[in-house]
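Chemist: got a predicted structure here, sequence first:
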Amino acid sequence: MLVPVDYVEVGVKRAGTGPTGLIAFAGYVRIKKWDPVMTPVLLQNMPVIDGRIRKVVRASVILEGTHFAGLWFQATSDTEGAPKALLGLPCELIHQPGGPVAA
């Protein structure tokens, strides 16, 4: 899938310390512009993208001295062209005030 370069930002950031004490890094994909066709396809394929990146990371010597903390996807409400209402929900969201009734 070809994504225009100005629609996403891809990078790596330090993410603290891993479970073995090594420096941890996380990859991130930040959606900068929302395309009504391309962006949902990108988000739908997050597990495939994550799997492919993890495969490359596992095959790299970089893990000898660091820890891979994962891949983060981000699309904020400020993303240019992002929807302003929920789309395509298979159910209706209803707020039910209160909690369980005590017996």
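Modeler: Great, that's in hand. Numbers count the residues shown, from 1 in each chain.
Chemist: wouldn't Phe68 be in contact with Ile23 here?
Modeler: No. Contact between Phe68 and Ile23 fails when scored by CB atoms under 8 Å: they sit 10.7 Å apart. Bear in mind the C-beta positions are built from the backbone N, C-alpha and C, glycine included.
Chemist: quick one, which of the two is more surrounded?
Modeler: Phe68 (20 against 13; other CB atoms under 10 Å).
Chemist: quick one: which helix or strand includes that one?
Modeler: Using DSSP states H and E, Phe68 sits in strand 66-74.
Chemist: who's in contact with Gly16?
Modeler: Gly16 is in contact with 24, 69, counting by CB atoms under 8 Å, 6 or more residues apart in numbering.
Chemist: run the last query once more with 10 Å
Modeler: By CB atoms under 10 Å, 6 or more residues apart in numbering, the residues touching Gly16 are 23-26, 67, 69.
Chemist: which two among those residues are spaced furthest apart?
Modeler: Ile23 and Ala26 (11.2 Å; CB to CB).
Chemist: what residues do the two have in common as contacts?
Modeler: Common contact partners of Ile23 and Ala26 (CB under 10 Å, 6+ apart): 14-16, 67, 69.
Chemist: check those residues against Asp78 and report the nearest one.
Modeler: Distances from Asp78 to these, taken by CB to CB, are shortest for Ala15, at 23.0 Å.
Chemist: need the overlap of contacts for Phe68 and Ile23.
Modeler: Jointly contacting Phe68 and Ile23 under the rule CB under 10 Å, 6+ apart are Ala15.
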